[in-house]
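S.K.: Predicted coordinates and the sequence they were generated for:
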Amino acid sequence: MDTVAAVNPDDLQKEALAAVAAATTVAELDEVRVRYLGRSSELKLALREVRDRETGMALNAVREVLEAAFAARQEELERAELSERLATERVDVTLPAELLGDVRVRPRGTLHPTTLIRRDVEDAFIGLGYEIREDREIETVEYNFDKLAFPAWHPARSPRDTFYVDSDHVLRTETSPSQIHILEEKPPPIYMVSIGRVYRRDAITPTRFPIFHQFEGLAIDRGITMADLKGTLLHVMRALFGEERRVRFRTHYFPFTEPSMEPDVSCGVCGGSGCPTCKWSGWIEIGGSGMIDPQVLTNVGLDPEEWGGFAFGLGLERTAQLRYDIPTIRPFWENDLRFLRQFR
């Protein structure tokens, strides 16, 4: 049978346009397109077999009309589907991710502020060439007190100040025993920072807690002076708190350093005008420091006439408290998500 003769251009066009108008989705429209404009459709087969000019022009006119109709209908259906998706799949971007849709999304966590400040401390000292060290939290009395030259009468030796495991072991009161460990392990020069958790029988106050993290620094070399200690602490505190924060140093007494001093940082909560956090002084003590007592060097077999150095110990939570102007230290240990989420 002659395909060209069997095709009536007018009837084909009406039938195809009706099918285009009846399609309600883009997928249905694609099926109609294949039926009337596909490679095996009546129209395409007739165009291949056309032999006269008039029939060819008529069939091509039908093809152009159908192609225009398909394009217009596709654009119309795509707009309708987009509008429907926008109406039914609308998302409130202000909602937390875990509340969106039917699938509960696991909320994204964050590092604890103590961990954040610890990384900043490590970066500051690694930049100065110090090594980072961690040691045991249950320490012997010998390493926690004796080898650090604590006198027998020092109050830190009392069970009222220190958590004793037994008569010979304590929960370390500071990270200072790391000084002895590293001095026994290798010869100087030594530049080390020990970071970890320590324990003391302290009453809970805005700046004190029975458990806290400390970073302990030690520098042992020839020719080290008090100026080196002060310059190191100033560099680190400016890296942690910024150039605008004021820093001062006060003379103090510590058994394992001589001379000794305490660094203070201006209170960011009140701007130095005085508040309960700084005990109305405008300053917050951040730790202790000083030149290594010769007895400590003698205890590890070093000649104090040849070697000298300095040490310092500062609290990580108190450093973070000063960094972020937090009025009290308690939230660091309360696991309150309202507090922790602020550090994302």
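M.R.: Thanks, I have it.
S.K.: which residues of this protein fall in helices?
M.R.: Assigned by DSSP state H, the helices in the chain fall at 3-6, 9-22, 26-37, 42-49, 53-88, 113-126, 141-144, 177-185, 226-241, 294-299, 316-324, 331-334, 337-340.
S.K.: For the longest one, buried residues please.
M.R.: Spelled out, that is helix 53-88. 55, 58-59, 62-63, 66, 69-70, 73-74, 77 (16 or more other Cβ atoms under 10 Å). C-beta: built from backbone N, CA, C; applies to glycine.
S.K.: Point out where this structure drops to low pLDDT.
M.R.: For the chain, the stretches flagged by pLDDT under 70 are 1-6, 90-107, 344.
S.K.: Would you mind giving the domain segments of it?
M.R.: With domains defined by automatic domain parsing, the chain comprises 3-90, 113-343.
S.K.: tell me the most buried of the helices of the chain?
M.R.: Among these, the stretch with the highest mean neighbour count (mean count of other Cβ atoms under 10 Å) is helix 316-324, at a mean of 22.
S.K.: what angle separates that helix from helix 113-126?
M.R.: Interaxial angle, helix 316-324 versus helix 113-126 (axes from the mean of the first three to the mean of the last three Cα atoms, to 10 degrees): 90 degrees.
S.K.: what's helix 316-324 in contact with?
M.R.: Around helix 316-324, the neighbours that count as contacts under Cβ atoms under 8 Å, 6 or more residues apart in numbering are 113-114, 116-118, 120-121, 195, 207, 209, 212-215, 240-241, 245, 265, 267-268, 284, 286-287, 326, 328-329, 332, 343.
S.K.: Over to stretch 330-344?
M.R.: By Cβ under 8 Å, 6+ apart, stretch 330-344 touches 108, 110-114, 116, 204, 209, 211, 317, 320-321, 324.
S.K.: One more pass at 6 Å, please.
M.R.: Here stretch 330-344 makes contact (Cβ atoms under 6 Å, 6 or more residues apart in numbering) with 110, 113-114, 317.
S.K.: Looks like V269 contacts C275 (just checking).
M.R.: Yes - applying Cβ atoms under 6 Å, one finds V269 in contact with C275, separated by 5.4 Å.
S.K.: who's more crowded, those two?
M.R.: Between V269 and C275, counted using other Cβ atoms under 10 Å, the more crowded position is V269 (19 against 16).
S.K.: check contacts around the nearest residue to the more buried one once chain neighbours are set aside.
M.R.: Closest residue to V269 apart from its sequence neighbours, by Cβ to Cβ, 6 or more residues apart in numbering: T277 at 4.7 Å. In this structure, T277 makes contact with 206, 269, 327, judged by Cβ under 6 Å, 6+ apart.
S.K.: L66 too?
M.R.: 16, 36.
S.K.: The residue nearest to P155 when sequence neighbours are not counted - how many residues pack around it?
M.R.: Closest residue to P155 apart from its sequence neighbours, by Cβ to Cβ, 6+ apart: D161 at 5.6 Å. Residues lying near D161 (other Cβ under 10 Å) number 13.
S.K.: L12 and D52: what is the separation?
M.R.: As judged by Cβ to Cβ, to the nearest Å, L12 and D52 stand 18 Å apart.
S.K.: cool, S176 as well?
M.R.: S176 is 106 Å from D52, where distance means Cβ to Cβ.
S.K.: Which one of those two is surrounded by more residues?
M.R.: S176 (29 against 9).
S.K.: what's the spacing between that one and K230?
M.R.: Distance, S176 to K230, by Cβ to Cβ: 20 Å.
S.K.: what's the answer for H112, then?
M.R.: Distance of H112 to K230, given as Cβ to Cβ: 31 Å.
S.K.: for the buried residues of helix 53-88, which one is nearest F150?
M.R.: Nearest to F150 among these: L77, at 84.4 Å, using Cβ to Cβ.
S.K.: I'd say the closest one and V26 touch.
M.R.: Yes - using Cβ under 6 Å, L77 makes contact with V26 at a distance of 5.1 Å.
S.K.: Kindly tell me how buried H213 is, as a neighbour count.
M.R.: 22.
S.K.: That one and S194 touch, don't they?
M.R.: No - with contact defined as Cβ under 6 Å, H213 and S194 do not form a contacting pair (11.0 Å).
S.K.: Centroid-nearest residue for the protein?
M.R.: L111 (4.7 Å; Cα atoms, centre = their mean).
S.K.: Which residue lies closest in space to that one, excluding its sequence neighbours?
M.R.: Nearest to L111 is F343, by Cβ to Cβ, 6+ apart, at 7.1 Å.
S.K.: rewinding a little: could you report the distance from the residue nearest to V269 to T110?
M.R.: Distance from T277 to T110, counting by Cβ to Cβ: 24 Å.
S.K.: Can you report phi and psi for E243?
M.R.: Here is the backbone geometry of E243 (degrees, to the nearest 10): phi -70, psi -20.
S.K.: Count the residues that sit near it.
M.R.: The local packing of E243 (other Cβ under 10 Å) involves 6 other residues.
S.K.: State the distance from it to H235.
M.R.: Going from E243 to H235 by Cβ to Cβ gives 11 Å.
S.K.: Since that was my last question, I'll sign off now.
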